[in-house]
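**Student:** Pasting a predicted model and its sequence here:
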Amino acid sequence: MLVAVITGAAQGLGLVTARMFAQAGYHVVLTDVQPLDATLTTFATGTATALSGDVSSEEFVMELAAQTAALGGAQVLVNNAGISMIRPAEETSLDEWNRMMAINLAGPFLLCRELGKQMLAAGSGAIVNVASVAGLGGVIHRSAYNTSKHGLIGLTRTLAAEWGGRGVRVNAVCPGWIKTEMDVKDMGSGAYTDADIVNRVPMARFARPEDVAAAILFLARDGQFVNGVALPVDGGWHADSSWDALRLKTRA
């Protein structure tokens, strides 16, 4: 049985990713800080297991690893759980900074460490960390978030170098803005509008969760020779250095 662990699976990208992996024949282990009982009922019987908890808790990660081992061990780990915050750097408290690092960076490290042990013992496996275009550059008023995602890409590259020769590949996806519950919350702060994103993206739309989930599934599939990449799934956001007026002139 192929087992894929998906964090942050109660909604948004995590849930779409879990469904895509289940459709691809994986038994998916769903985890989220939110309750998952209702979510689990939307999967076919025997295709999914759920465990609620905080990925930044070492105790919870150990429990998750034990449950995964009982299923035969993880072949895939998708570190999707994360939080966002829009706040000027000078107004960001240490508690807010530490919480961001705990969930967005320490949690993925703990999961990589514990589930990576299972993969290393088996001599194969794939880890996909969900970073962000904010991990490839700077976005104003997101000092804590950006730093956590830069760190996650650094962790990805380091583990890819450390574990690639032992059969475990580690990659990251770097989504642009996706229409999910997190985006609705961020946009509700008044920080940006739909037009701000659509006008900035060469493909002239938000990413869909399915766009990013498909890239995750591609990176996770066995037999790949892709290791240590930070793959933008952003419609060309990171590639385009044009200004908005010039970009908009090129559209049909």
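**Tutor:** Structure's in. What do you need? Computed from a prediction, not measured in an experiment: that's the story for all the values here.
**Student:** This protein: helices as residue ranges?
**Tutor:** Secondary structure of the chain by DSSP state H: the helices cover 12-23, 37-40, 58-70, 94-101, 107-122, 143-163, 181-188, 194-200, 209-220, 244-249.
**Student:** Residues touching the fifth one, excluding its own?
**Tutor:** I take that to be helix 107-122. 5, 7, 54-56, 58, 61-62, 64-65, 68-69, 73-75, 77, 79, 81, 125-127, 129, 152, 155, 159, 163, 166-168, 170 (C-beta atoms under 8 Å, 6 or more residues apart in numbering). No exception for glycine: its C-beta is placed from N, CA and C like everyone else's.
**Student:** Filter these down to the buried ones.
**Tutor:** 5, 7, 54-56, 61, 64-65, 68-69, 73-75, 77, 79, 81, 125-127, 129, 152, 155, 159, 163, 168, 170 (16 or more other C-beta atoms under 10 Å).
**Student:** Longest strand in the chain, please.
**Tutor:** strand 168-175 (DSSP state E).
**Student:** May I have the strands that pair with that strand, each with its orientation?
**Tutor:** Strand pairing for strand 168-175, determined by DSSP bridges: strand 125-130 (parallel), strand 230-233 (parallel).
**Student:** So for it, what gets flagged as buried?
**Tutor:** 168-175.
**Student:** so can I have JSON lines of the residues you listed showing distance to Ala214 and pLDDT?
**Tutor:** Listed next are the buried residues of strand 168-175 as JSON lines, based on distance: C-beta to C-beta, whole Å; pLDDT from 0 to 100:
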{"residue": "Val168", "distance to Ala214": "22", "pLDDT": "98"}
{"residue": "Arg169", "distance to Ala214": "17", "pLDDT": "98"}
{"residue": "Val170", "distance to Ala214": "19", "pLDDT": "98"}
{"residue": "Asn171", "distance to Ala214": "14", "pLDDT": "98"}
{"residue": "Ala172", "distance to Ala214": "15", "pLDDT": "98"}
{"residue": "Val173", "distance to Ala214": "10", "pLDDT": "98"}
{"residue": "Cys174", "distance to Ala214": "14", "pLDDT": "97"}
{"residue": "Pro175", "distance to Ala214": "12", "pLDDT": "96"}
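**Student:** Looking at the residues you listed, which is nearest Leu219?
**Tutor:** In terms of C-beta to C-beta, no member of those lies closer to Leu219 than Asn171, at 4.6 Å.
**Student:** Leaving out chain neighbours, which residue sits closest to the closest one?
**Tutor:** Leaving out its chain neighbours, the residue that sits closest to Asn171 by C-beta to C-beta, 6 or more residues apart in numbering is Leu219, at 4.6 Å.
**Student:** Could you do Arg205 as well?
**Tutor:** Per C-beta to C-beta, 6+ apart, closest to Arg205 is Val198, 6.1 Å.
**Student:** just checking, that neighbour touches Tyr192?
**Tutor:** No: judged on C-beta atoms under 8 Å, Val198 makes no contact with Tyr192 at a distance of 10.6 Å.
**Student:** Okay, buried residues for the lowest-mean-pLDDT helix or strand in the chain please.
**Tutor:** Least confident helix or strand of the chain, by mean pLDDT, DSSP states H and E, is helix 181-188 with a mean of 72. Within helix 181-188, the residues scored as buried using 16+ other C-beta under 10 Å are 182-183, 186-187.
**Student:** Next: stretch 109-122.
**Tutor:** For stretch 109-122, by 16+ other C-beta under 10 Å, it's 109-112, 114-116, 118-119.
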